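>>> just need the structure, nothing else, for what follows:
(one chain, ligands or ions: 1)
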Amino acid sequence: MINVTKSYLGKKTKFLGYVDSIYASGWLTNQGPLVAELEERLRDYLGVRNIILTNNGTLALQIAYRALNLAGSAITTPFSFVATTSSLKWEGIRPIFADIDEASWNLDPSAIEARIDTDTQAIVATHVFGNACDVEGIAQIAERHRLKVIYDGAHAFSVRYKDRSVLNWGDISTLSFHATKLFHTIEGGAIVTNDDALAARIRLLCNFGIVDTDIIDGIGINAKLNEFAAAMGLCILDDIALILEQREEIARRYETQLGDHFDLQQQQHHSQRNHSYFPIALASESQLLRCRAALNAQGINPRRYFYPSLDTLGYLQPQSPQTRSRALSRRVLCLPIYPGLPRHVQNTVIQTLLMENAGRSEPITERFWPQVNTAGWMDDRLPLPDPESKRIC
Ligand SMILES: *Cc1c(COP(=O)(O)O)cnc(C)c1O
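Next comes the predicted model:
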């Protein structure tokens, strides 16, 4: 089965070298040398002031809310992974949904203000699929209403806005380093902030509130990353340029072949994406189900990120429906994209979608791909773009 993603593992010998060093030192966790090294390298690579590693991205969100002393309610997006909302609820903060922008698929700043009331303390927005939010629009609203801003940046590793990491926006941004993410530490995450005092507080929260052996300052939790996880991160960070380049290459092909047939997410101005996902919006849910079934029949497993729209979650108090998010969530399918995705598989994905879209039942392989030689596409390094390849249609 070809899945929507495949965890990048880096070089095994390199990872085993780190494992040897862990065995030699006996230091497995609790701010070990590999976590310290990864933190420093990520701070440099991302271009952020403070980054605190955590053991997953959900706890990173929860700690962000705690560090900012949030209570009451927060305006958030209904079109995201469930953790964006569940983390709020888990921390006793009421998620209040505002609708998304139909083009960017991110929280729509112009929909936020109508949802603000005296209880509102924060805006929690997601850079969905690595597309930067309208961070300036959100900053203006937050300033006007004195709200905190937290970005769920789980998809935004190495995403830039106006030539800086988009993670520099808001009071806090969080990352997920789960195995399915573009950059990962098997399980892991991070909290980013420009505020040094806030960063110090976050470090305490991540380690039970322990200041030193004899002093505990406030309630904390265990959000520490371990050394084996950090070792994985160090290996993958070495290859990050290649990972991004291969994703870009795959995304460009999808865009070229599918862009005229399906709705694509519109990129935020002045931003650079990371192609951590390749979502398309089908004409309708029934078409989505047909396309998914056709792909499944070819051994390809695209995923419905994000369905259902989070304003339908059964454990929340009913709110007014977010119609744009609900409509979009029924139409979006994420296609396989990862370094080393065999090109002939990508061709199959494209052909199957075009066929299904055109209501055809015959394979169109030969007709549309006469020039594609699939030999060698299994190499872990994708070949350069085929200069001969033509647009379909
Ligand atoms: C993956 C993800 C998370 C959760 O991260 P974990 O590391 O799996 O806990 C949160 N928000 C979004 C948008 C995600 O995609």
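
>>> could you chop this protein up by domain?
Here the domain assignment for the chain is 2-237, 240-368, based on automatic domain parsing.

>>> so for stretch 146-165, mean pLDDT?
Here stretch 146-165 scores 98 as its mean pLDDT.

>>> same thing with stretch 14-32?
97.

>>> wait, what's in contact with residue 167?
46, 48, 151, 153, 156, 159, 173, 175, 192 (C-beta atoms under 8 Å, 6 or more residues apart in numbering). Where you see a C-beta, it was placed from the backbone N, CA and C, and this is true even at glycine.

>>> would a markdown table of those residues with secondary structure and neighbour count be doable?
As requested, the contacts of residue 167 are arranged in a markdown table below (DSSP: H, G, I helix; E, B strand; the rest coil; neighbours: other C-beta atoms under 10 Å):
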| residue | secondary structure | neighbour count |
| --- | --- | --- |
| 46 | helix | 25 |
| 48 | coil | 19 |
| 151 | strand | 29 |
| 153 | coil | 31 |
| 156 | coil | 33 |
| 159 | coil | 24 |
| 173 | strand | 29 |
| 175 | strand | 28 |
| 192 | strand | 28 |
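
>>> widest-spaced pair of the residues you listed?
46 and 151 (13.2 Å; C-beta to C-beta).

>>> follow-up on the earlier one: highest mean neighbour count out of the domains of the chain?
domain 2-237 (a mean of 20; mean count of other C-beta atoms under 10 Å).

>>> hmm, residue 243 is touching residue 182, no?
Yes: with contact defined as C-beta atoms under 8 Å, residue 243 reaches residue 182; the gap is 6.6 Å.

>>> all helices for this protein, in order.
For the chain, helices defined by DSSP state H occupy the ranges 12-25, 33-46, 57-67, 82-90, 109-112, 135-145, 196-206, 227-238, 240-258, 285-297, 323-329, 343-357, 365-368.

>>> tell me the angle the second one makes with helix 240-258.
Calculated by axes from the mean of the first three to the mean of the last three C-alpha atoms, to 10 degrees, helix 33-46 forms an angle of 50 degrees with helix 240-258.

>>> cool, the fourth one as well?
Angle, helix 82-90 to helix 240-258, by the same axes, to 10 degrees: 110 degrees.

>>> contacts for helix 82-90 next, please.
With C-beta under 8 Å, 6+ apart as the test, helix 82-90 has contacts from 57-58, 61-62, 65, 74, 76-78, 94-95, 124, 126, 152, 154, 306, 310, 313, 315-316.

>>> mind listing which of the residues you listed are in strands?
Within the contacts of helix 82-90, residues falling in strands by DSSP state E are 74, 76, 94-95, 124, 126, 152.

>>> out of those, who's nearest residue 114?
For the ones in strands among the contacts of helix 82-90, the nearest to residue 114 is residue 76 (14.3 Å; C-beta to C-beta).

>>> per-residue pLDDT of that closest one, please?
Reported pLDDT for residue 76: 98.

>>> also the one 5 residues further on?
Confidence at residue 81, expressed as pLDDT, is 98.

>>> also residue 248?
pLDDT for residue 248: 97.

>>> ok, residue 358 next?
pLDDT recorded at residue 358 is 88.

>>> quick check on it: phi, psi?
Main-chain dihedrals, residue 358, degrees, to the nearest 10: phi -90, psi 0.

>>> tell me the residue furthest from the middle of this structure?
Farthest-out residue of the chain from its mean C-alpha position, per C-alpha atoms, centre = their mean: residue 214, at 38.8 Å.

>>> quick one: it from the ligand, how far?
Relative to the ligand, residue 214 is positioned 32 Å away (C-beta to the nearest ligand atom, to the nearest Å).

>>> quick one: that residue from residue 220, how far?
From residue 214 across to residue 220, the span is 15 Å (C-beta to C-beta, to the nearest Å).

>>> check contacts around the residue in the stretch 1-150 of the chain that the ligand sits nearest to.
Nearest residue of the stretch 1-150 of the chain to the ligand (C-beta to the nearest ligand atom) works out as residue 57 at 2.7 Å. Contact analysis of residue 57 by C-beta under 8 Å, 6+ apart lists 83, 152, 154, 174-178, 181, 188-189.

>>> farthest pair within the residues you listed?
Taking C-beta to C-beta as the measure, those span a maximum distance of 15.2 Å, between 152 and 188.

>>> ok, residue 122 touching residue 148?
Yes: applying C-beta under 8 Å as the test, residue 122 and residue 148 come out as touching, 4.2 Å apart.

>>> now do the shared contacts for those two.
Counting by C-beta under 8 Å, 6+ apart, the residues touching both residue 122 and residue 148 are 68, 70.

>>> give the full set of residues in contact with residue 321.
311-312 are the contacts of residue 321 under C-beta under 8 Å, 6+ apart.

>>> separation between it and the ligand?
Residue 321 sits 21 Å away from the ligand, taking C-beta to the nearest ligand atom as the criterion.

>>> also residue 176?
Applying C-beta to the nearest ligand atom to residue 176 and the ligand gives a distance of 3 Å.

>>> contact partners for that residue?
56-58, 60, 154, 188-189.

>>> against residue 188, how distant is it?
For residue 176, the distance to residue 188 - C-beta to C-beta - is 8 Å.

>>> equivalent analysis for residue 5, please.
16 Å.

>>> repeat that for residue 197.
24 Å.

>>> then residue 64?
15 Å.

>>> show me the contacts for the residue nearest in space to the middle of the chain.
For the chain, the residue nearest the mean C-alpha position is residue 155 (1.7 Å; C-alpha atoms, centre = their mean). Residue 155 is in contact with 126-130, 181-182, 274, 276-277, counting by C-beta under 8 Å, 6+ apart.

>>> inside strands: which ones of these?
Short answer: these in strands (DSSP E) are residue 126.
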